[in-house]
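Engineer: Got a predicted model here, sequence first, then my questions.
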Amino acid sequence: MNIALFGYGKMGKMIECLAVERGHEIVAKIDVGSGEIDFAKIDVAIDFSTPDAAYENITSCLKNNTPIISGTTGWLEKFDDVVQFCEEKNGAFIYASNFSLGVNIFFELNAHLAKMMKNLSQYEVSLEEIHHTQKLDAPSGTAITLAEGIIANTDYQKWKLDESGYKQIPITSKRIGDTPGTHTVEYTSEVDSIEIKHTAQNREGFALGAVVAAEWILGKTGVFTMKDVLNLG
Ligand SMILES: NC(=O)C1=CN([C@@H]2O[C@H](COP(=O)(O)OP(=O)(O)OC[C@H]3O[C@@H](n4cnc5c(N)ncnc54)[C@H](O)[C@@H]3O)[C@@H](O)[C@H]2O)C=CC1
Ligand SMILES: O=C(O)C1=N[C@H](C(=O)O)C[C@H](O)C1
C-alpha cells in the first residue's frame, strides 16, 4: 500500500518505521513547506500534524478521493464539518484521539465503569492526563474521549480543565518530561477511591493502530472509528 504521511514529526517517523516493516511504501512525507502533492500515487494518507493544520490536511485528502486517517488532536470544533464533507464527497475518514489497542480497551472499561457508578452519588469522578512538554493541546484528545464516555453513561453534563462544578468532570493536565501519555479516571468518596489507569510506555502502540486503521479502510467509504477497526464491543 502507498502511504502519504501528513506531519513528519515524532508520530510520522514512528509510523514510517512500522508501515515499512509491514510491507508498505511511504510515497510522500508532507510537512511545513512541502510542495505540491501527487495524490494519484497515494492509496491512503495518515495525518499526525498540528491542531492548526489537521482540518486543511484532511479536507484536501477528501477533495482528492484519498482515504484519510487522522490522529491529530485539538481541532475537534471542526469535526462535524469534516464528517459532512466526507459524506458529500463519498470519501473515507477515521479520526481517533488515541489509536492504541490498549487505550481503546480502556475506553470500553471506562464506559462500563461509568454505567456502574451512575447512581452512586457518594462518588465524584475526575480525570488526569500526563504528557510530554512539547504537547500543544490540553486537555489531551484521549482525556476528552474519556470524559465523553462518562457523560454518555452518567448524569455528568460537561468536562472542564482544572475546575470542579455541578455535574461537571474536572480534567487535570500535567506536562512532564517526555511522558508518552498517561490517563487516569478516578471516582472518590469519603471512604475510598476507585481508579483505572492507562500508561503508554512509548509511541509504538499509537503508530501501529494508525497503520492497522489505514490497512482496514482501503476500499471502504464512510466515517469510521477505531471501534469499527478493532471490532470491539
Ligand atoms: N491519536 C493518537 O493516537 C495520537 C495522537 N497524537 C497527536 O498527533 C499530533 C502529532 O503528534 P507528534 O507527532 O507527537 O507531534 P510533532 O510536533 O512531533 O509532529 C507534528 C509535525 O507536524 C508538522 N506540521 C505542522 N504543520 C503542518 C502542516 N500544515 N502539514 C503537515 N505537517 C505539519 C510539524 O512541523 C511537525 O513535524 C498531535 O496533535 C498529537 O496530539 C500523538 C500521538 C498519538
Ligand atoms: O500528543 C501526544 O503525544 C498524544 N496525544 C494524544 C492525545 O491528545 O490524547 C494521544 C496520546 O495520548 C499521545
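Structural biologist: Arrived safely, thanks for sending. Ligands and ions are numbered 1, 2, ... in the order given.

Engineer: Buried ones in the helix or strand hosting residue 58, by neighbour count?
Structural biologist: Element membership of residue 58, judged by DSSP states H and E, is helix 54-63. Neighbour-count burial for helix 54-63 flags 54-55, 57-62 (criterion: 16 or more other CB atoms under 10 Å). All C-beta atoms are positioned from the backbone trio N, CA, C, and that covers glycine.

Engineer: now what about the helix or strand just after that helix, what contacts it?
Structural biologist: On the C-terminal side of helix 54-63, the closest following helix or strand by DSSP H and E is strand 68-70. By CB atoms under 8 Å, 6 or more residues apart in numbering, the surrounding residues in contact with strand 68-70 are 44-48, 54, 57-58, 61-62, 91-95, 210, 213-214, 217.

Engineer: ok, now stretch 198-210?
Structural biologist: By CB under 8 Å, 6+ apart, stretch 198-210 touches 10-11, 14-15, 17-18, 46, 48, 69, 71, 96, 98-104, 106, 180-183, 226, 229.

Engineer: That one: end-to-end distance?
Structural biologist: Criterion CA to CA, to the nearest Å; first-to-last residue distance in stretch 198-210 is 18 Å.

Engineer: what do you get for stretch 18-25?
Structural biologist: OK, stretch 18-25 end separation, CA to CA: 11 Å.

Engineer: what residue ranges in the protein are flagged as low confidence?
Structural biologist: 233 (pLDDT under 70).

Engineer: Residue 150: neighbour count?
Structural biologist: Residue 150: 23 surrounding residues under other CB atoms under 10 Å.

Engineer: My error: substitute residue 181 in the last question.
Structural biologist: For residue 181, the neighbour count with other CB under 10 Å is 24.

Engineer: Nearest spatial neighbour of it, chain-adjacent residues omitted?
Structural biologist: Leaving aside its chain neighbours, residue 181 sits nearest to residue 200 (4.3 Å; criterion: CB to CB, 6 or more residues apart in numbering).

Engineer: coming back round to it: from the contacts of strand 68-70, which land in strands?
Structural biologist: Among these, the ones falling in strands (DSSP state E) are 44-47, 92-95.

Engineer: Now the buried members of those residues.
Structural biologist: By neighbour count, with 16+ other CB under 10 Å, the ones in strands among the contacts of strand 68-70 hold 44-47, 92-95 as buried.
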